[in-house]
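# Structure of the sequence below:
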Amino acid sequence: MKVLQVYKDVHPAVKGGIERYIHDLSAFLAKRGHDVTVLVAGREGRSSEVSGFRVLEYPCLCRILSNPVSPGLGAMLSEIEADVAHFHVPLPSAVMARLLSDSPTPYAVTYHSDIVRQAFLMPLYGPFLRRFLKRSSRVLVTSPVYRDTSRWLRGLRNTEVVPIGADLSKFRPDGAKSEDYALFVGRFRSYKGIGTLLEAWRRFPERRLVMVGGGPLEDLVRRKRADYGLNLSIETDPDDGRLLELYRRASFLVLPSTRRSEAFGMVQVEAMACGTPVISTDLPTGVPWVNRNGETGIVVPPGDPEALALAVERLFAPALRSRLSSGALGRARSVFDSQKLFEKVEGILGEIGYGRRD
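Take a look at the predicted model:
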């Protein structure tokens, strides 16, 4: 089966949650014998091979509000031969390109998130997005909560929940004793609740916090570390081995996000698969669906430093942490095995692509 994946970037060129998911799914499909091309923004026609699949760049004049401006994308979608296309959104340029193209290729969509930061554009863009989703053979949604709370997904009859998983052969406990630190993993952006986390950590000047990711708020984090006298380490670009070690050794993971932009929280799954419990926030998204309060970790109100500090204090207690660690590992193994989830996606794409041949 010839599969065309469409997004703006892919791992390892860009290290992000969606980019990593597309990479891992494409590598899985390629290993299963499928011919996979990932179409990303860049220079027209430039291609390379990554992990057994081809990365092909479509022309990008510039990026506005993170969205590639790509007038030639529609033509490329029409020209590339594929049994099925798989779009990853939010990506308005690809949505518009597909609607305007004459491509006969049926397509599926993985709906990773609503557009939140640029929501002021939705009165104009929303009707096109809705039409694009309705025309899709299948819309894959990462959690039932997001499907039920997104105005662009409610009422669609072609949705199916397929969570994002972790490679359990890689993300797993190694039996080593955990170290006494809390872990944050993610880009240092405002919606990640960075300010709330640092304010809560003022209550624990002796406790160690490791923050992994870097990004726009890195200078702020460094200033607050000095101002508050925090025991805080920053690792901006650890390799996969180092990140895995950090997950395994951490007492717990903290994901204090405050806005709907945090649609799922893939880092929660990776931590849980290593037997590391999670503190996350009660957003109307998949975040508290992944991390079940009292079973795999603790869920607190978003933007509440006092509640976050109380949860931190509770999770530094070994007995509770041990119980939640077992629950986190069990849920990861039963719900978030990436290989099983990739097989499900493969089956859906196969139904669409092979159905076209009949």
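# where's the lowest-mean-pLDDT helix or strand in the chain relative to the chain centroid, distance-wise?
Using mean pLDDT, DSSP states H and E, strand 62-64 stands out as the lowest-scoring helix or strand of the chain, at a mean of 89. The chain centre lies 22 Å from the centre of strand 62-64; the measure is CA atoms, centre = their mean, to the nearest Å.
# What is it packed up against?
Here strand 62-64 touches strand 67-69, going by 3 or more CB pairs under 8 Å, 6 or more residues apart in numbering; DSSP states H and E. The way it works is simple: take the backbone N, C-alpha and C, and place the C-beta from them, glycine included.
# can I see the domain layout of the chain?
Using automatic domain parsing, the domain parsing of the chain gives 2-165+338-357, 181-335.
# and residue 171, which of those is closest to it?
Across the domains of the chain, residue 171 has its closest neighbour in domain 181-335 (3.7 Å, CB to CB).
# From start to finish, how long is that closest one in a straight line?
Domain 181-335 has an end-to-end distance of 27 Å (CA to CA, to the nearest Å).
# likewise stretch 202-220?
Stretch 202-220 end-to-end distance (CA to CA) = 15 Å.
# swap in stretch 11-20?
5 Å.
# what pLDDT, on average, does it get?
Averaged across stretch 11-20, the pLDDT comes to 88.
# follow-up on the earlier one: figure out which of the domains of the chain is closest to residue 172.
domain 181-335 (6.2 Å).
# Kindly state the pLDDT recorded for the residue nearest to residue 202 when sequence neighbours are not counted?
Nearest residue to residue 202, sequence neighbours excluded (CB to CB, 6 or more residues apart in numbering): residue 228, at 5.0 Å. Per-residue confidence (pLDDT) for residue 228: 93.
# low-scoring stretches of the stretch 101-250 of the chain, by residue?
For the stretch 101-250 of the chain, the stretches with pLDDT under 70 are 177.
# Which parts of it are helices?
Secondary structure of the stretch 101-250 of the chain (DSSP state H, counting those that start in this stretch): helices at 122-135, 144-149, 194-201, 218-228, 240-249.
# Let me see the contact set for residue 40.
By CB atoms under 8 Å, 6 or more residues apart in numbering, the contact set of residue 40 is 7-10, 13, 55-58.
# The helix or strand where it lies pairs with which strands?
Taking DSSP states H and E as the criterion, residue 40 maps to strand 35-42. Paired neighbours of strand 35-42 in the sheet (DSSP bridges): strand 2-6 (parallel), strand 53-59 (parallel).
# Next, count neighbours for residue 93.
21 (other CB atoms under 10 Å).
# What angle do strand 53-59 and the helix or strand containing it make with each other?
Assigned by DSSP H and E, residue 93 belongs to helix 92-100. Per axes from the mean of the first three to the mean of the last three CA atoms, to 10 degrees, the angle that helix 92-100 makes with strand 53-59 is 90 degrees.
# can you pull the contacts of the residue lying closest to residue 341 once chain neighbours are set aside?
In space, and not counting its chain neighbours, residue 341 is closest to residue 165: 4.4 Å by CB to CB, 6+ apart. By CB under 8 Å, 6+ apart, the residues touching residue 165 are 269, 335-342.
# if you set the cut-off to 7 Å instead, what comes out?
Listed by CB atoms under 7 Å, 6 or more residues apart in numbering, the contact partners of residue 165 are 269, 336-338, 341.
# and which of the contacts of residue 40 is nearest residue 124?
residue 8 (20.0 Å).
# want to throw the strands paired with strand 35-42 into TSV with mean neighbour count?
As requested, these are exported to TSV (neighbours: other CB atoms under 10 Å):
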stretch	mean neighbour count
strand 2-6	24
strand 53-59	20
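# Next, format those as TSV and append distance to residue 250 and mean pLDDT.
Putting the strands paired with strand 35-42 into TSV (distance: least, CB to CB, whole Å; pLDDT from 0 to 100) gives the following:
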stretch	distance to residue 250	mean pLDDT
strand 2-6	32	98
strand 53-59	32	94
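# what's the helix ranked longest in the chain packed up against?
The single longest helix within the chain, with elements called by DSSP state H, is helix 338-357. For helix 338-357, the packing partners by 3 or more CB pairs under 7 Å, 6 or more residues apart in numbering; DSSP states H and E come out as helix 17-31, strand 84-89, strand 107-111, strand 138-141.
# Residue 118 is nearest to which of the ones you listed?
Nearest to residue 118, of all the helices and strands packed on helix 338-357, is strand 84-89, at 13.1 Å by CB to CB.
# neighbouring strands for that closest one, and are they parallel or not?
When pairing is defined by DSSP bridges, strand 84-89 lines up against strand 2-6 (parallel), strand 107-111 (parallel).
# so how far is the first one off the chain centroid?
When distances are taken as CA atoms, centre = their mean, strand 2-6 is centred 19 Å away from the chain's centroid.
# And for stretch 272-284?
Computed by CA atoms, centre = their mean, the separation of stretch 272-284 from the middle of its chain amounts to 14 Å.
# What of stretch 105-123?
14 Å.
# contact partners of that stretch?
Identification of contacts with stretch 105-123 by CB under 7 Å, 6+ apart yields 18, 65, 82, 84-90, 98, 133, 136-142, 150, 152-153, 259-261, 263, 348-349, 352, 356.
# Also stretch 292-300?
For stretch 292-300, the external contacting residues (CB under 7 Å, 6+ apart) are 252, 272, 277-282, 288, 291, 307-308, 311, 314-315, 324, 327-328, 331.
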